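A.B. asks: I would like the atomic coordinates for the input below:
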Amino acid sequence: MKKVFVVAYGVVAYTVFLGAFLYAIAFVGNFLVPKSIDSGTENDLTMAVIINALLLGLFAVQHSVMARPAFKSWWVKIVGTASERSTYVLLSSLALLLLYWQWQPLRAVIWSTENETVVYALWCVFGFGWLIVSLSTLMINHFELFGLKQIYENLKGIDSQPPEFQAKLLYGFVRHPIMVGFIIAFWATPHMSLGHLIFALATTAYIVIAVAAFEEKDLMKAIGQEYEDYQKKVPMFIPFTK
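C.D. replies: Next up, the predicted model:
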């Protein structure tokens, strides 16, 4: 029964993640959903910036702290190895849902274009960014990344093996294509409001700092020389640069 519960928990966590991910596309793109990055009642500038900073900070702290090996080694003693990734995915998704719900719009226009060609091109770039994110998860192990592989192996009594280091397809151009896709998607818009600009700046800064200061070091410790050789061959974010 415990294994069945873990499976149910993992499936719920993945479902919440999937909903949060799909909502993110519409939230940033300002379409289809009732609450987007520029919708809602506009409040005092100072208060809006403070609330948005707290929402982004909450996600950043949760997302980074729970991903660190030291925290994981402690956390698995509480939630179990099979549920550790699912719990991380669930809490990250809930932090995102809170952000969508409480985000304070700031509609002052930074840039805007009505040129049909430019608008179409920017929406294509926007979609391309999200496509990169989605495909990049499949190029490593999508089901392991979001906890489904772990709960399946627990159900079947299979001993989990450490994930294999892979550098195929998009990972042969940049070391972190998922993050590159997010950055592209966050910035590509024909109408950039002040609130959207704050969101894009903050998330880009977080991605660069989190990857450079934490994730790269964790990968070096976990993989060793193979990852160091990979760093020398493949740039972090910008293709075809050293």
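
A.B. asks: Only C-alpha atoms from now on, for both contacts and neighbour counts.
C.D. replies: Will do.

A.B. asks: Give me the contacts around the helix or strand in which residue 184 is found.
C.D. replies: Per DSSP states H and E, residue 184 falls inside helix 177-187. For helix 177-187, contacts defined as Cα atoms under 8 Å, 6 or more residues apart in numbering pick out 28, 125-134, 136-137, 170-171, 197, 199-200, 203-204, 207, 237.

A.B. asks: swap the cut-off to 10 Å and go again
C.D. replies: With contact meaning Cα atoms under 10 Å, 6 or more residues apart in numbering, helix 177-187 is reached by 24-25, 28-29, 122-137, 169-171, 174, 196-197, 199-201, 203-205, 207-208, 211, 236-239.

A.B. asks: continuing past the lengthiest helix in the chain, what's the next helix or strand?
C.D. replies: Counting by DSSP state H, the longest helix found in the chain is helix 2-29. Using DSSP H and E, the helix or strand that follows helix 2-29 in sequence is helix 45-65.

A.B. asks: Tell me which residues of that following helix come out buried.
C.D. replies: By 16 or more other Cα atoms under 10 Å, the buried positions in helix 45-65 come out as 48-49, 52, 55-56, 58-60, 63-64.

A.B. asks: Over to stretch 116-132?
C.D. replies: Per 16+ other Cα under 10 Å, stretch 116-132 contains these buried residues: 119, 122-123, 125-130, 132.

A.B. asks: Figure out how far it is from the centre of its chain.
C.D. replies: Relative to its parent chain, stretch 116-132 has a centroid offset of 19 Å by Cα atoms, centre = their mean, to the nearest Å.

A.B. asks: Tell me where this structure is predicted with low confidence.
C.D. replies: Along the chain, the model assigns pLDDT under 70 to residues 1, 242.
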